[in-house]
Structure formats: structure tokens, C-alpha cells
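Peer 1: just the structure for this:
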Amino acid sequence: MTTLLLDSALRSLGFAAAVGLVLWIFRVRDAGARLAAWTAVLYGALLLPLLIAVAPPVEVPVLHRTASQRPATMILSEARVQAEMPYVAAPVRVDWRRVALGIYLAVALGLLGRLAFGWIATRRFRRAARPVNDARFSEIRNARIAESSAVAVPITIGWLRPMVVLPETWRTWDDAKIAAVMAHELSHVRRGDYATLLLASFYRCAFWFSPLAWWLDKQLRELAEQASDDSALRATADRTHYAEVLLGFCQALQNQRGRIRWQGVAMAHSGRAERRIDRILEEGRPLSKPARWPVVAGWAMAALPALYLCGVFQPVAVAQQDPAPRAREAERHRSKSADEIRSFVIVFGDTQTMTGDSRDLEDAARLKGKYGEHFIWFRRNGKDYVIRDTATVNAAHDLLKPQNDLGEKQGTLGEQQEKLAKLQEALAERQNRVRVPVEDLTREIERLREKLKADVNDSDLAELQEMLAKMQAKIGESQARVGDAQAKIGEEQEKLGRQQAELGEQQAKLGERQAEQAEKANRQLIRLMEEAMKKGLAEPAGR
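Peer 2: Residues are numbered from 1 along each chain as shown. Got it, this is the predicted structure:
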């Protein structure tokens, strides 16, 4: 499972990079077109695990230098032998795949639980919302209109039966504001943004370890709001008025306390309003057009080949030509007598050391009732032998002691890595909870409203722009404080990362030493068994 998840995440990054490259080459700036492209990336990323599991792979040869073909020596406890037989077991050490799988499941289930809680809260909120019967909404057919005191800004929820929920203050709005709000929200309904963003949240929960999942969720939300803003501007044709409406909603969110994060598409969010206001007030910028089905189908057709290639591409290692065949051949002749023993099992109490496959381990395990807890089983030239000589068995066990010690050190380093991983997770949670107080902008917004209600000339317009600039500066200061707090946590994470890298280097060095020791011990063990054969200490294994 961990392999499939990591493979899917890496291939999704490649697929997203290909789509991003196409957008960059063709200089696509239209928010609707970009939203359709990244929505295709989301659906493709969700389909990749299934594609990897079902589609036949397309093998691409990759050269590599071959290593020694001698089977690795494995040390197994009695419990592991009984639990994992007939499969080949790994050396006794921390099973990092299981640890990683446990960490993944814990975080994923936590995020999915939060998502499920939001979905349940949304269903309750939907049932509690009161339907609105007003002549101004009589021509709307693709969504139901409701109101609720639980929201401060308009929000769209639902996909098959979409609903636009308005705050109770909507009755005080003028017709222009109502037209702008409905144009914005109905744009979400037409595109099915609720379903897309819900799937993006699910993908983020399932692939929380992938940076693409978090970036894609944020990008889709921003592009959905930009496309809906353009729909509202197209309906009202008054950028200043729409900016005032959006600022009013931002202020309402700041004043609202104890709000719940429902699974819906809200018209405004607390924070990060500066770029959105700048984009709305940008004169001369062409408004994005609603993505039509031919455009969506075009993106889908263009993305399918890239998605398929990302899903079926499978590199296959091809042995590189040996640079020193004569030296290899000489080494093979020198160790010819030792190579006659292809597999063995050393039984020493509750520990069993083996080289070969699981069937050899089964054969040796069946002999414990006859030969006791201390013996050596091996196969030579197709025949099975047993050595029960105490000195030989003890000598074989002593040869494995350095390898056992290295395994214990690996386990200690693994425990330290696990502790650092938990600290990293705690820091990430702290970073998500970073909050700073935002300066009250009520007075500035009221002054801006008064100015906008009166007739303005060039000097008044300059003053309005100055007021907006000051408000944007204050919002920027709040964002900077959040950034400073997150930067401090980032420094701690960087420090932990360096510690993990150092532990990783130590583990890599121990792994190299362990591999060298295993090869050395393997040769010595085979030589020991050959000498026992010559001394007559080996007897045919009885069944």
C-alpha cells in the first residue's frame, strides 16, 4: 500500500508538471481555462492509483551496474519464523514500512474525520436553512435560495441539489448587490465547484504527504473565486461597487465569532483579500469567459494521453556490461568450492539465520523436533545435511555476532528517527494553528462607503485609491506577522530535518557496513561448513 501511494504521488507530480508546462508555453491567463486544466489534474491524480493497478505497464529499459548475486544472510527470531512463514523474512530490525504506514493512516484518518465532520455539519446546516420566496429570485432554476443567521457571507453548498445560502442581512441589499452576489454564486453552481473542491479536500486527506495535494486544493479554490468574480463583474460592469461588496463581506467575517467551516464555497474568506481586490480593480484586464463543454472536453482529451503515460511508465533495470569480466571470472573460480553450498539455516535457540528461500526455512524448521535447538542445516549439490557438532554451531553463531550488533544499532537509530518524525508532525500542527489578530478596519470601510456613495472627481478618486492602499498595507502587515510566526516554526522544522538527515547518513553507513559484514560472514560460514564436511561432522538430514 505504501508503495502504491508513493508511486501515485510521484506520478501525479509528473502529470501536474506536464499540464503546468502546457499552460506556461501557451501563456494561458484566463481563470476559467486554468480552473478547467487544474480540475483535470485533480481527476487524473485521483484515477492514477487505479490506472497503476489495472493498466499493463510499458517497460522502459534503464542501464545499471549489476551487484553480487549471492543471496543475503537473514537472521530471524522464532516468532518471526512462525508468523511469516512461508514468506522470506527480513533481518530483525525496525520495519520502517509498517511504521510509515501507521503514521500515514493516523494522519489520513484524522484529516478524513475532520472532513466527515464538516460534511455532516453542512447537511445539518442545509436542513436548518430557511427557503427564500422572493420575486427577484423567481427566474433562478438551477439552485435553491435560502437564508440563515449562521452565515455572514453567501455560500454555495451541494452538487446534485445545489443551494445558495444568504445571510439574513440580504433584505437590506440594493438590487445591484443582489445581482452581483447571485452572478457570483450561480457561477459556482454552473461549474460544479462544490463537488470539485470536495474531491480536492478528499485528495488532500488521502495524499497529505504530497505537496501537490495541498497546492492543488488552494489553487482550485483561488481559481474558482477568480472565475466567479469575473462572472459577477460581467453582470454588474462596476468594479468599484463589486470591490466594496467584497470588502463588506470580509469585514462581516471578521466580526463573526465561532463560525463553523462547512463544506461549501463561500464568497469571501478571512485574510488574503488583497490580491483579489487588486485583481477586481485592475482596469483593462479581460474578464475570463465561462468554460464551455468543448473547452472542458478539449482539456480532458489533451490530458488523457499524458495521464496514461504517467500511469503505465515503468523503468526496468538492464545490466550494464561488466567492465572487468576477467577479474570476475577469476573470482568465480577461486570461490567455486564455496559456491557449491547454495543455502543454509543455522538454528541457535530462538534465532534462525538463513540464506536461500522460505522453503529451505520450512525444511529446517521440521527438523527441530529431531535435532533439537542447536544445529546447522544446509544443501550441497542437491542433498540436505545437518551439523550437530557444538563447537561448529557455536563458531557459526559467533561469526554472526558483528552483524547482529549492527542490526541493533540500526534499530536504535530507527527509534530516534521515529521520535523526530513525531516532533515534525507536532510542528506541522502548530504551523496550521498559527493565528494573529487582524486590525479592525470598520472605520476605514465606512469612510470608503461614504465616499463611494457621493459623486467623485479625479482628486476624490485619488483619495479613494490612497485609502484602499492603506487598507491593503494593514492587511499585508497582518499577513507578515503570520509569516514571521510560521518562519520560526519552519526554523525548528529545518533543525529537525538536519537531525533526520544526519541519522539517515548514519543508517546508510551502517547499512553498507552490514552488507559488507553479511557478505564476509556468508563466505566464512560456507567455509566452516565445507571444513565440517571434510572432517565428517556433517550427516545426511533425516526427514
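Peer 1: give the other helices and strands that the helix or strand hosting Gln517 contacts.
Peer 2: Counting by DSSP states H and E, the element that carries Gln517 is helix 458-535. Using 3 or more C-beta pairs under 8 Å, 6 or more residues apart in numbering; DSSP states H and E, the elements in contact with helix 458-535 are helix 239-255, helix 274-281, strand 341-348, strand 374-380, strand 383-387, helix 390-399, helix 401-432, helix 442-453. All C-beta atoms are positioned from the backbone trio N, CA, C, and that covers glycine.
Peer 1: could I get the buried residue list for the helix or strand following it?
Peer 2: Once the chain leaves helix 458-535, the next helix or strand it forms, by DSSP H and E, is strand 538-540. The neighbour-count check on strand 538-540 (16 or more other C-beta atoms under 10 Å) flags Ala538 as buried.
Peer 1: strand 538-540 pairs with which strands, parallel or anti?
Peer 2: Pairing partners of strand 538-540, with direction, according to DSSP bridges: strand 383-387 (antiparallel).
Peer 1: ok, residues contacting the strand it pairs with?
Peer 2: Residues outside strand 383-387 that contact it (C-beta atoms under 8 Å, 6 or more residues apart in numbering): 363, 367, 371, 375-379, 393, 529, 532-533, 537-542.
Peer 1: can you give me the buried ones in that strand?
Peer 2: The neighbour-count criterion (16+ other C-beta under 10 Å) identifies Asp384, Tyr385, Val386, Ile387 as the buried residues of strand 383-387.
Peer 1: likewise for stretch 51-58?
Peer 2: Along stretch 51-58, these residues count as buried under the neighbour rule (16+ other C-beta under 10 Å): Leu51, Ile52.
Peer 1: hmm, who's touching that stretch?
Peer 2: Residues lying outside stretch 51-58 but in contact with it, judged by C-beta under 8 Å, 6+ apart, are Leu4, Asp7, Ser8, Arg11, Leu307, Tyr308, Leu309, Gly311, Val312, Phe313, Gln314.
Peer 1: just the C-alphas of that stretch, formatted as PDB.
Peer 2: Coordinates of each C-alpha in stretch 51-58 appear next as PDB, following Å, rounded to 0.1, in the frame of the first residue of the first chain:
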ATOM      1  CA  LEU A  51      -4.600   3.100 -13.500                       C
ATOM      2  CA  ILE A  52      -1.400   1.900 -12.000                       C
ATOM      3  CA  ALA A  53      -3.100  -1.200 -10.500                       C
ATOM      4  CA  VAL A  54      -5.000  -2.200 -13.600                       C
ATOM      5  CA  ALA A  55      -3.200  -1.000 -16.800                       C
ATOM      6  CA  PRO A  56      -0.400  -3.200 -18.100                       C
ATOM      7  CA  PRO A  57       3.000  -1.400 -17.600                       C
ATOM      8  CA  VAL A  58       5.100  -0.100 -20.500                       C
END
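Peer 1: could I get the helices and strands packed on helix 458-535 as CSV with distance to Glu505 and mean pLDDT?
Peer 2: Shown next, in CSV, are the helices and strands packed on helix 458-535 (distance: least, C-beta to C-beta, whole Å; pLDDT from 0 to 100):
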stretch, distance to Glu505, mean pLDDT
helix 239-255, 48, 89
helix 274-281, 42, 90
strand 341-348, 32, 79
strand 374-380, 37, 84
strand 383-387, 40, 85
helix 390-399, 28, 86
helix 401-432, 10, 74
helix 442-453, 54, 68
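Peer 1: quick one: closest of the ones you listed to Arg97.
Peer 2: helix 401-432 (11.6 Å; C-beta to C-beta).
Peer 1: among the buried residues of strand 383-387, give me the pair with the biggest separation.
Peer 2: The widest separation within these, taken as C-beta to C-beta, falls between Asp384 and Ile387 and amounts to 11.5 Å.
Peer 1: before we move on, back to that, just the buried members of the contacts of strand 383-387?
Peer 2: In terms of neighbour count (16+ other C-beta under 10 Å), the buried residues within the contacts of strand 383-387 are 363, 367, 371, 375-379, 393, 529, 532-533, 537-538, 541.
Peer 1: what's the most distant pair in those?
Peer 2: The most widely separated members of the buried ones among the contacts of strand 383-387, counting by C-beta to C-beta, are Asp363 and Leu537 (19.6 Å).
Peer 1: quick one: which helix or strand includes the closest residue in space to Val164 that isn't next to it in sequence?
Peer 2: Using C-beta to C-beta, 6 or more residues apart in numbering and skipping the chain neighbours, the partner closest in space to Val164 is Glu185 (4.6 Å). Secondary structure assignment for Glu185, by DSSP H and E: helix 175-191.
Peer 1: what packs against that helix?
Peer 2: Judged by 3+ C-beta pairs under 8 Å, 6+ apart, the packing partners of helix 175-191 are strand 155-157, strand 163-167, helix 211-236, helix 239-255.
Peer 1: can you put these in a markdown table and add mean neighbour count and distance to Leu287?
Peer 2: What follows is these, written out as a markdown table (neighbours: other C-beta atoms under 10 Å; distance: least, C-beta to C-beta, whole Å):
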| stretch | mean neighbour count | distance to Leu287 |
| --- | --- | --- |
| strand 155-157 | 24 | 20 |
| strand 163-167 | 24 | 21 |
| helix 211-236 | 20 | 4 |
| helix 239-255 | 19 | 10 |
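Peer 1: how many neighbours does Thr172 have?
Peer 2: The local packing of Thr172 (other C-beta atoms under 10 Å) involves 7 other residues.
Peer 1: what's the answer for the one 5 residues further on, then?
Peer 2: Neighbour count of Lys177, defined by other C-beta under 10 Å: 17.
Peer 1: ok, now how distant is the residue lying closest to it once chain neighbours are set aside from Asp229?
Peer 2: With C-beta to C-beta, 6+ apart as the measure, Val245 is the residue that lies nearest to Lys177, at 5.5 Å, once sequence neighbours are left out. Counting by C-beta to C-beta, to the nearest Å, the gap between Val245 and Asp229 amounts to 11 Å.
Peer 1: now find how far off-centre the helix or strand where Ala116 lies is within its chain.
Peer 2: Remark: Ala116 resides in helix 96-128, with elements defined by DSSP H and E. Its chain's average C-alpha position is 14 Å from that of helix 96-128, according to C-alpha atoms, centre = their mean, to the nearest Å.
Peer 1: what average pLDDT does whatever helix or strand comes next after it get?
Peer 2: For helix 96-128, the following helix or strand on the C-terminal side (DSSP H and E) is strand 130-131. pLDDT averaged over strand 130-131 equals 95, rounded to a whole number.
Peer 1: okay, now the sheet partners of strand 130-131, with direction.
Peer 2: Under the criterion DSSP bridges, the sheet neighbours of strand 130-131 are strand 144-148 (antiparallel).
Peer 1: coming back round to it: residues contacting the residue nearest to Lys177?
Peer 2: Val245 sits next to Lys177, Ala180, Val181 when contact means C-beta under 8 Å, 6+ apart.
Peer 1: run the last query once more with 10 Å
Peer 2: With C-beta atoms under 10 Å, 6 or more residues apart in numbering as the criterion, the residues that contact Val245 are 173, 176-178, 180-181, 184, 232, 236, 238, 267-268, 280.
Peer 1: of those residues, which is the most crowded?
Peer 2: For the contacts of Val245, neighbours were counted using other C-beta under 10 Å, and His184 has the most, 28 neighbours in all.
Peer 1: any idea how far that residue is from Pro211?
Peer 2: Looking at His184 against Pro211, where the rule is C-beta to C-beta, the gap reads 30 Å.
Peer 1: where does the stretch 251-400 of the chain have low pLDDT?
Peer 2: With pLDDT under 70 as the threshold, the stretch 251-400 of the chain has low-confidence stretches at 257-262, 270-272, 291-293, 295-296, 299, 316-340, 342, 356-358.
Peer 1: try 90
Peer 2: Judged by pLDDT under 90, the stretch 251-400 of the chain has its weakly predicted residues at 251-275, 283-285, 288-400.
Peer 1: how about the stretch 51-200 of the chain?
Peer 2: Applying pLDDT under 90 to the stretch 51-200 of the chain flags the ranges 52-101, 135-136, 138-139, 141, 159.
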